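A.B. asks: model the structure of this input:
(2 chains)
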Amino acid sequence: DGGITQSPKYLFRKEGQNVTLSCEQNLNHDAMYWYRQDPGQGLRLIYYSQIVNDFQKGDIAEGYSVSREKKESFPLTVTSAQKNPTAFYLCASSHAAGDLYEQYFGPGTRLTVT
Amino acid sequence: AQSVAQPEDQVNVAEGNPLTVKCTYSVSGNPYLFWYVQYPNRGLQFLLKYITGDNLVKGSYGFEAEFNKSQTSFHLKKPSALVSDSALYFCAVTYPNTDKLIFGTGTRLQVFP
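C.D. replies: Numbers count the residues shown, from 1 in each chain, chains lettered A, B, ... in the order given. Next up is the predicted model:
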């Protein structure tokens, strides 16, 4: 899983609560990404950031928020507005945003909301 | 729209036999193609990529993939499968000057002893 850490590995929350997932990288990468993984659907992009203090919505940003105050950190908040938050969440980083660079993934956080 | 398809949900192969995991992509310019592997409850690991040049790309753990422009395919191959190769494999595509990687739905490879 390279130099990317995600915590916690498992997270349980009650419906209606916001929850923040941590993602830290020590690879000195400029770009960071958040994906959601559901069985049979592959990975779907939630948000990505090309540089500190800047981020863009991905394909399924509704109900999520992010910040990028430091190069090494890209936390994801799952808000109560997210209708189906139970999923496996993966954070990734790459040398720079764009086409040539492979992404390095963290170990993931499995979120269960009941 | 740009997309990538993995037509097989699961591939079963006996240990020692060659394996192929299929991937096709939608036609739109010159794609950049990637393969990743995911072991249970883990993040994805990069295996190999095609950007330009030789159509046959070699990657980690003895895997290789062949870019075929006429068939818009990028199938993953290995000459001799190992039980430890059993995992979920994802193909992904992006295009020049785009920021996003588009993933397929994944193919589960099961290698039997």
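A.B. asks: now residue B:62: phi and psi?
C.D. replies: phi 80, psi 10 (degrees, to the nearest 10).
A.B. asks: do the same with residue B:85
C.D. replies: Dihedral angles for residue B:85 - degrees, to the nearest 10 - are phi -80, psi -10.
A.B. asks: what sits closest to the residue in chain B that chain A sits nearest to if chain neighbours are left out?
C.D. replies: Residue nearest to chain A within chain B: residue B:43 (3.4 Å; CB to the nearest CB). Yep, even glycine has a C-beta here, placed from its N, CA and C like the rest. Nearest residue to residue B:43 in three dimensions, chain neighbours excluded: residue A:105, at 3.4 Å (CB to CB, 6 or more residues apart in numbering or on different chains).
A.B. asks: if I look at that neighbour, how far off is residue B:98?
C.D. replies: Using CB to CB, to the nearest Å, residue A:105 is found at 19 Å from residue B:98.
A.B. asks: likewise residue B:25?
C.D. replies: Residue B:25 is 13 Å from residue B:98, by CB to CB.
A.B. asks: I'd like the distance between the residue nearest to residue B:43 and residue B:17.
C.D. replies: Residue A:105 is 29 Å from residue B:17, by CB to CB.
A.B. asks: same check on residue B:89?
C.D. replies: 16 Å.
A.B. asks: residue A:85 too?
C.D. replies: Taken as CB to CB, the span from residue A:85 to residue B:17 is 41 Å.
A.B. asks: so for the two, which sits in the more crowded spot?
C.D. replies: residue A:85 (21 against 12; other CB atoms under 10 Å in any protein chain shown).
A.B. asks: how about low-confidence regions in chain A?
C.D. replies: Counting by pLDDT under 70, chain A shows low-confidence ranges at A:1-2, A:97-99.
A.B. asks: now do the contacts for the residue nearest in space to the middle of it.
C.D. replies: Centroid check for chain A by CA atoms, centre = their mean gives residue A:34 as the closest residue, at 2.7 Å. For residue A:34, the contact set (CB atoms under 8 Å, 6 or more residues apart in numbering or on different chains) comprises A:23, A:45-48, A:58, A:64, A:66, A:74, A:76, A:89-92.
A.B. asks: nearest residue to it other than its sequence neighbours?
C.D. replies: residue A:46 (4.3 Å).
A.B. asks: how far away is the residue in chain A positioned nearest to chain B from residue A:89?
C.D. replies: Going by CB to the nearest CB, chain B is nearest to residue A:105 of chain A, at 3.4 Å. Counting by CB to CB, the gap from residue A:105 to residue A:89 is 11 Å.
A.B. asks: and for residue A:81?
C.D. replies: 16 Å.
A.B. asks: quick check: residue A:15 touching residue A:86?
C.D. replies: No - here residue A:15 does not reach residue A:86: they are 9.9 Å apart, not a contact under CB atoms under 8 Å.
A.B. asks: now the common contact residues for the two.
C.D. replies: residue A:113.
A.B. asks: can you list the strands that the lowest-mean-pLDDT helix or strand in chain B pairs with?
C.D. replies: Averaged element by element with mean pLDDT, DSSP states H and E, chain B has its least confident helix or strand at strand B:102-103 (a mean of 90). Strand B:102-103 sits in its sheet next to strand B:87-94 (antiparallel), going by DSSP bridges.
A.B. asks: good, we can wrap up now.
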